[in-house]
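J.: everything below, folded, please.
(2 chains)
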Protein chains: 2
Amino acid sequence: MANITKKVSWSSRADESGNTGEGTPLLNGSEQPRLSRQSSGGGAIFQIGRLSTVDLEEEISSEEDSLRGRPKEIPHNEKLLSLKFESLDYDNIENQLFLEEERRMSYMGFRCLEISRWVVCGLIGFLTGLIACFIDIVVEEMAGIKYRVVKENIDKFTEAGGLSISLILWVVINSVFVMVGAILVACFEPIAAGSGIPQIKCYLNGVKIPRVVRLKTLLVKVFGVICSVVGGLAVGKEGPMIHSGAVVAAGVSQGRSTTLKKDLKMFEYFRRDTEKRDFVSAGAAAGVSAAFGAPVGGVLFSLEEGASFWNQMLTWRIFFASMISTFTLNFFLSIYHKKPGDLSNPGLINFGRFQNDSVAYNLYEIPLFIIMGAIGGLLGALFNKLNYWLTIFRIRYVHRPCLQVIEAMLVAAVTATVSFTMIYFSTDCQPLGPEHSEEYPLQLFCADGEYNSMATAFFNTPEKSVRSLFHNQPGTYNPLTLGLFTLTYFFLACWTYGLAVSAGVFIPSLLIGAAWGRLFGILLASITSTGSIWTDPGKYALIGAAAQLGGIVRMTLSLTVIMVEATGNVTYGLPIMLVLMTAKIVGDYFVEGLYDMHIKLQSVPFLHWDAPATSHWLTAREVMSSPVTCLNRIEKVGTIVDVLSNTSTNHNGFPVVIQGAGGEEPAKLCGLILRSQLIVLLKHKVFVELARSRLTLRKLQLKDFRDAYPRFPPIQSIHVSQDERECMMDLNEFMNATPYTVPQDTSLPRVFKLFRALGLRHLVVVDDENRVVGLVTRKDLARYHLGKHGLEELQLAHT
Amino acid sequence: MANITKKVSWSSRADESGNTGEGTPLLNGSEQPRLSRQSSGGGAIFQIGRLSTVDLEEEISSEEDSLRGRPKEIPHNEKLLSLKFESLDYDNIENQLFLEEERRMSYMGFRCLEISRWVVCGLIGFLTGLIACFIDIVVEEMAGIKYRVVKENIDKFTEAGGLSISLILWVVINSVFVMVGAILVACFEPIAAGSGIPQIKCYLNGVKIPRVVRLKTLLVKVFGVICSVVGGLAVGKEGPMIHSGAVVAAGVSQGRSTTLKKDLKMFEYFRRDTEKRDFVSAGAAAGVSAAFGAPVGGVLFSLEEGASFWNQMLTWRIFFASMISTFTLNFFLSIYHKKPGDLSNPGLINFGRFQNDSVAYNLYEIPLFIIMGAIGGLLGALFNKLNYWLTIFRIRYVHRPCLQVIEAMLVAAVTATVSFTMIYFSTDCQPLGPEHSEEYPLQLFCADGEYNSMATAFFNTPEKSVRSLFHNQPGTYNPLTLGLFTLTYFFLACWTYGLAVSAGVFIPSLLIGAAWGRLFGILLASITSTGSIWTDPGKYALIGAAAQLGGIVRMTLSLTVIMVEATGNVTYGLPIMLVLMTAKIVGDYFVEGLYDMHIKLQSVPFLHWDAPATSHWLTAREVMSSPVTCLNRIEKVGTIVDVLSNTSTNHNGFPVVIQGAGGEEPAKLCGLILRSQLIVLLKHKVFVELARSRLTLRKLQLKDFRDAYPRFPPIQSIHVSQDERECMMDLNEFMNATPYTVPQDTSLPRVFKLFRALGLRHLVVVDDENRVVGLVTRKDLARYHLGKHGLEELQLAHT
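T.: A predicted model of the protein is given here:
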């Protein structure tokens, strides 16, 4: 893996690093910072231990190497990716306009804002719950229809002996569903593929993923997930709920939809990254909550993925959204199930009640749990590794939509065929008792009053299978069935994840784990005396499910809480935690978690919690991008247009400087302005004609910036005449006059902590006279990461 | 309340503000910053809306006012408090020594550190669990003895008619226990009084409370809480567990005890505020976990109170400590209860299992729950208000240890007498069935085979009473008993909180709430038809307990999770959340939470999550302390000694500046050094004699600073000869060369966010030439807070 990762380098940092290209002159004419080309844009090489000199030739040659090598060595197009990933700004742009508005606002105004935040969170929870409910009901209805059609056919041909016709019918039905789902995703909205959890992780981390929170994405996601679940793929509908919740949140909180061209003129205050990200956290939490009936788990998920700064009120609002979401789902499902008011279905998946007395665990079982955790970690690592190779293959060869649709259909067909074959050859018949809750029993070659248990495991929705594995009486499954099922489902699930369909990996993981966990329990019972505590394999199914899921996704605290909430019983807290921890430690030894792996494969500049441990010998001076394109406080419009039009750099943040008297003094930092702000200024032509010293009539307001948010037009769409190019623009009122700065000698961990804790997008590096010498952006920090061999990875982390 | 709060002003900010007194000259001789005396040290007045000019005379007169007014208007001694409260530094001091050490450390070194962090957390959890176990067992044994003695006596005199002798016996026994507890607290360690939660909140917030995490405090706390619980006070033993856990954490993580004069030479890396505070968070979480069997609740408690920056690994470690803690308690209690391996006692209090089927709630009950939440909020506000007046009274008149002991004994006697009276006049007899788990039934005047239910409510430990109220069959209590019990226990608990005994308020709150909640349920059942869902009052007892506790302490998310974990059933998540939210909103309308109230009464500079909403018109310029005492990079020893000895200022942080060439250029900021560092430097006499240009032989190492941590000697204890005064000291290697800075125009919310998110202690304010103009410390920010009428409070927030 390390071998391949090295080739998958970070995307080129043309985005917002603010460094000029090789030949671009500094535009403001200020004195060049006296820094040597230690970390130039483009291809700085990093030398461990020696910070003094960098051989320029070596640098260039390495750059050429990477250019030459790219087509054959790097399987996917980085350039495209690097342009896609801008950052979100969790730091408020405190310019004069903003401060004036805040100062004008009364105490009651803030109270109203606070109340509307609660209202928005309530709405987010409600709508997310409704969506979950919709998905659940549609899937259930369609799966019912499918089952009846196939069952009739199978029953007909079991006697007659033409079961291959049933197989073909099944394959065709499944493939058609999956085809529809895959076409939706591949042709209309590729970002809706998969569970969406990696995308939401990135968004909450502060990376802007294009189109990830659009209405269209939501629609494709919802119908896509219905198709893939009904199509019998080895997927779950839980992961996509998290993405759906996030989209709902982004939409509701902005009070408008660009897709629908509707602006409700509400919640305009929330139209900026800071506020929007808070709501998206709430949406993701609501999604988790609806998926697993786990409101606390949802809050912790959001915090684990998103929060850099913990805020009590925010946490409480997120919790509110989660609660409303699970409550809404619960309420509407209770009506659907004709038991209105019975609030016992808090999530899409319900592990069922573990009765305390029947499945207590004992102290001496804990080593067994830890062993199961290790197995889960191993199997999870294997899963991830296989999926990694598959993803590399897909990026290389399966990138055209039609190929993606065909692959999805192929998987659907193979899934159906394999299932059918295994059912056909299975001889595991179980009595069909009244106490069994199997909704879809298939008799096949079993005697009357019995059903084929392999068929149950494959034919049920995965959610129901998980539940059966947890709760069915000992003896319901025979070990061979479970072993074969685990094996085939493992590979099917691994093949399925990463297809161009909307689907989650939570439920397949749980199912695989529950199957081998139950197997583990049965084997344990067979080698010990009967009647002992080991006899209930359901407990081991639960532990196995936790181990497998932990081995694949590697979440920690939130996953423990989600599992505990889904079982509805806190007794299993300690074992589940131990198992998840073991699975994580074992799995991390081999390969990282599935989501992190996919994030890395996308070359996303993802910031982890801390700077790499051994990075204290790096300082801001080495990390920053330099030189920086600066603007004057009162700048010529032509200059600004040129800077923004420079496609080779494509900067997003520009330090604003003030020249000393007479121009001989060096320029001091006095603010920071963003590309998006400049675009709005240019669009509204807020120019000062110096000759006639006349201002434009209209004064720009915060509303203008908010209306343009978040889809600021490109600079090319703004026409600036030659006359206007000669005008000046006064940035004073619009720039953030107090950007965060660090001295050049600040160590990387310190820079990292400041950057991460405050969710910054740009951090200006200044010398001891407050002159700009560089700019630190997300990509400058994400470049450095710790490999298995400590510092070794750093040498590869060039841009 | 507002009327009194106004008089309780913040403590005078002589601590670490770094501002010189009126007549003190700037020591480095640098150019005076060109700032007018807008916010001088001592008595800056704040003018809402007008920032331009400040009338100096007005300022002085106000200062005089406050001086004159203090003895009669302000009931407690602020001066003493203000000296007590220094801040903790959550920011690493990144000086050359530190960076060199970090750079020397290999990747394996960091791995070992990480592992030892886990080991420490495991130890913290284990020891905290053991302590909880010890307290629980001792209390149970002693309460059992007491019960048998009193019961025998009562049984003897019930027939004979001399029950007043029983009363006297009971009063004496209780008073003796409480006297021992109160003497321990009042004479040996006053900081061990109460639950310790406000103190831990402050510590995690970053305020150093003297002696709060010492071994002696722990001992007094543990034995104090045993005495007060056995003494029959209306208290619980859960709150003190949080404090105990924190002390354990502080001790274990440092690998030494100053009290015992033992240094294990372990964990020396952890001897600084940053690391220590992380471990204390884990300890507090372990305490919550042991107290309520709520590991997730413990983590959330720590995060809600302490975390400014969420870190995944830290959270996971805290969770580990919590899990180990509850597991240890559970394991040893199971041995004590002679059911080894039966892990069903995860906490000191155990709400018992709520069976899902018997106590489901329905949709139309939710409005009822919300009403109960409002009642809880009202009662909680009343409780806090009464306790507030009582505390003011105590600060004014009951401050001598002997008075405190007498008060505690008085409360014990009154508690016993009131209980006895109520038991005596109660005629509520209940049959003593085999299904009842009453451990201490008292027959009194009841028929044989019956017991007095009022006696049960008063005589049981509060934990058991709560459980009975939750789970006993409908009809076990009659409404009159419950009403009277609520009433008396309410006032007793209110009187008890704040006594000089170690005790918590959680259990009394739960008990009061459970009593009126059950009453509510019974009344509800009586007005509706029998046999309906309302018939189980246990459910309402639970909701009432949540409402009352929420109304008193006002915690939010963590309390929800604690309650849910303690009931062991996630079904009640939504109702409990709604109830807690309602209670908080209603209660906050009247008066703040009990802990916050006590923190405020102590004049602690506590930082909330956000800056006050309407503070955008304040900037760093107005907030900061100015002028600042600066030091030169190479400073004369005599100057340093003088600065440190200046008792009128008592600064803790000094910006280090560098003079421009020739001395005509203004001095630029180049670092920050702390008092504690200077003390160590002086102690080790790290002087440079310029004349002979010779260095002292020994090079100072980080170890020297760590050995001195956290009890740095006072400057008075360090003897510096006249010759040595003429030497120079090179601060270059020891100062933090890259302190965080903000420009003068930064708005208060921005300063606040930076300060709070990074857990800073000093924030240097610089002008646009990087010259020091001021210093922002915790007290400068804590001064501003939002009252009920928005900005009005700001005028009172002078130092």
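
J.: quick check: the residue of the stretch 1-150 of chain A nearest chain B.
T.: At 3.1 Å from chain B, A:Tyr107 is the closest residue in the stretch 1-150 of chain A, using CB to the nearest CB. In this view, the C-beta of every residue, glycine as well, is placed from N, C-alpha and C.

J.: enumerate every residue touching A:Ile197.
T.: Contacts here follow CB atoms under 8 Å, 6 or more residues apart in numbering or on different chains; on that basis A:Ile197 touches A:Gly239, A:Ile242, A:His243, A:Gly504, A:Tyr595.

J.: to clarify, my last question referred to A:Leu163.
T.: Counting by CB under 8 Å, 6+ apart, A:Leu163 makes contact with A:Ile154, A:Phe157, A:Tyr424.

J.: related to what we said a few turns ago, how about the contacts of A:Ile197, which pair is most distant?
T.: Within those, A:His243 and A:Tyr595 form the most distant pair, 12.3 Å apart (CB to CB).

J.: so these two - more neighbours on which side?
T.: A:His243 (31 against 24; other CB atoms under 10 Å in any protein chain shown).

J.: any idea how far the more buried one is from B:Tyr589?
T.: Taking CB to CB, to the nearest Å as the measure, A:His243 and B:Tyr589 are separated by 39 Å.

J.: over to A:Val561?
T.: Note on A:Val561: its distance to B:Tyr589, by CB to CB, is 32 Å.

J.: repeat for A:Leu669
T.: Distance of A:Leu669 to B:Tyr589, computed by CB to CB: 46 Å.

J.: more crowded one of these two?
T.: Comparing A:Leu669 with B:Tyr589 by neighbour count (other CB under 10 Å), the higher total belongs to A:Leu669, at 24 against 11.

J.: quick check: that one touching A:Gln659?
T.: No. Look at A:Leu669 against A:Gln659 with CB atoms under 8 Å: they stay out of range, at 11.8 Å.

J.: sketch out the low-pLDDT regions of the stretch 201-350 of chain A for me.
T.: Across the stretch 201-350 of chain A, residues meeting the criterion (pLDDT under 70) sit at A:307-309, A:341-345.

J.: residue boundaries of the helices in it?
T.: Secondary structure of the stretch 201-350 of chain A (DSSP state H, counting those that start in this stretch): helices located at A:215-230, A:239-254, A:273-292, A:295-305, A:312-336.

J.: and for the stretch 551-700 of chain A?
T.: In the stretch 551-700 of chain A, the segments counted as helices under DSSP H, counting those that start in this stretch are A:557-567, A:573-590, A:594-601, A:620-623, A:637-645, A:675-683.

J.: among these, which is the most enclosed?
T.: helix A:557-567 (a mean of 26; mean count of other CB atoms under 10 Å in any protein chain shown).

J.: now that one: mean pLDDT?
T.: Average pLDDT, helix A:557-567: 86.

J.: ok, and what's touching that helix?
T.: A:288, A:292-298, A:300-301, A:303-304, A:347, A:349-351, A:354, A:542, A:545-546, A:549-550, A:553, A:570, A:572-573, A:576-577, A:580, B:296, B:299, B:312, B:315-316, B:319, B:570.

J.: isn't A:Gln136 right up against A:Gly236?
T.: For the record, residue A:136 is Asp, not Gln. No. Using CB under 8 Å, A:Asp136 is not in contact with A:Gly236; the gap is 11.8 Å.

J.: of these two, who's got more company?
T.: Using other CB under 10 Å as the criterion, A:Asp136 and A:Gly236 rank with A:Gly236 on top: 29 against 25.

J.: so who does the more buried one touch?
T.: By CB under 8 Å, 6+ apart, the contact set of A:Gly236 is A:Val229, A:Ile349, A:Pro462, A:Glu463, A:Ala503, A:Gly504, A:Val505, A:Phe506, A:Ile507, A:Pro508, A:Leu510.

J.: any idea how far the third one is from A:Ser87?
T.: The reference is to A:Pro462. Counting by CB to CB, the gap from A:Pro462 to A:Ser87 is 37 Å.

J.: looking at the two, which is more packed in?
T.: A:Pro462 (29 against 23).

J.: identify the residue nearest the more buried one in space, chain neighbours excluded?
T.: Of all residues not flanking A:Pro462 in the chain, A:Ile507 sits nearest, at 4.5 Å (CB to CB, 6 or more residues apart in numbering or on different chains).

J.: so who does the one you found touch?
T.: Under the criterion of CB under 8 Å, 6+ apart, the neighbours of A:Ile507 are A:Val235, A:Gly236, A:Lys237, A:Glu238, A:Ile349, A:Pro462, A:Glu463, A:Val466.
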